[in-house]
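Undergrad: Predicted model and sequence follow; I will ask about them next.
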Amino acid sequence: MSRLRAFLLTLLGLAFVAGGVFIMRRDPTNAGLAWGGIAFFGACAFVGALQLLPTRRTIAPDAVELTLQPGRLHTIGMAIGGLAMGAGCFLLAPLASQKGDAFIAIVAYFGAAFFGLGALLIGWRAIRMQPIARLDSDGVHTFGPGAWTLPWRDVSAIGIYTVASQQFLLFESQSRPPPLLSPMGFTISTAGTGFAFDDVLAFANALWARHHRS
């Protein structure tokens, strides 16, 4: 997420939190709706603010290996944000049911399960501090569910894959099928690691080029 988008997300979240407080003070009968909005959009503001923290890390010029691992503070913060979003959805779901809006209720319950389970997964990662990926002289290795390893000899090109303004490193391969649990292909993210995307991309290209020269 770019700093501009993170800043806008923070401002938008705070604006909706203020709206929730206004609703609760003006009409106490809608306190459940207000608390749901405050929890969800407060979490959005919190997640946006996390992206604005100065966590820039540099890659040593003589480095031959790079491990991408989210910072503990960032990971715990994302877990808290996910739990708050799940709680907000869970508060909104029964209100939608009472008003006869079954579709919104289903979406809200789905959101509660999605954000809640996601927060637990992120929290478990924070406890274990499991890396996202490692780039070394042999190739690219990922960790966790759907982990894969791609040797440099099987990499035909390194590009960029963008989803909802988030950039991923894409390792193209003409000899290997894409990972079963990764429809985007052989991709890794630098989000939350503190490393600049362009620095990691340049490092990956340098390792790949070094392998083909040897």
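TA: Perfect, I can see it now.

Undergrad: For the residue nearest in space to the middle of the chain, which non-adjacent residue is spatially closest?
TA: Centroid-nearest residue in the chain: Ala191, 6.4 Å away (criterion: C-alpha atoms, centre = their mean). Nearest in space to Ala191, with sequence neighbours left out and distances taken as C-beta to C-beta, 6 or more residues apart in numbering, is Gln166 at 6.5 Å. The C-beta positions use only the backbone N, C-alpha and C, and glycine is treated the same way.

Undergrad: Any regions of this protein where pLDDT drops low?
TA: 1-3, 53-56, 72-74, 125-126, 164-165, 181, 183, 214 (pLDDT under 70).

Undergrad: those strands in it, which residues are they?
TA: Using DSSP state E, the strands of the chain run over 66-68, 133-135, 139-142, 149-151, 157-163, 166-172, 187-189.

Undergrad: need these in a markdown table with mean neighbour count and distance to Arg57, can you?
TA: Shown next, in a markdown table, are these (neighbours: other C-beta atoms under 10 Å; distance: least, C-beta to C-beta, whole Å):
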| stretch | mean neighbour count | distance to Arg57 |
| --- | --- | --- |
| strand 66-68 | 17 | 10 |
| strand 133-135 | 22 | 14 |
| strand 139-142 | 20 | 19 |
| strand 149-151 | 16 | 24 |
| strand 157-163 | 13 | 20 |
| strand 166-172 | 19 | 16 |
| strand 187-189 | 21 | 15 |
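
Undergrad: Between those, which one is closest to Leu180.
TA: strand 139-142 (12.8 Å; C-beta to C-beta).

Undergrad: can I get the CA coordinates of the closest one in PDB?
TA: Output of strand 139-142 as PDB, limited to C-alpha atoms (Å, rounded to 0.1, in the frame of the first residue of the first chain):
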ATOM      1  CA  GLY A 139      16.500 -19.700  -5.800                       C
ATOM      2  CA  VAL A 140      13.300 -18.400  -4.200                       C
ATOM      3  CA  HIS A 141      11.800 -20.200  -1.200                       C
ATOM      4  CA  THR A 142       8.500 -19.400   0.500                       C
END
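
Undergrad: That one pairs with which strands, and in what direction?
TA: strand 133-135 (antiparallel), strand 149-151 (antiparallel) (DSSP bridges).
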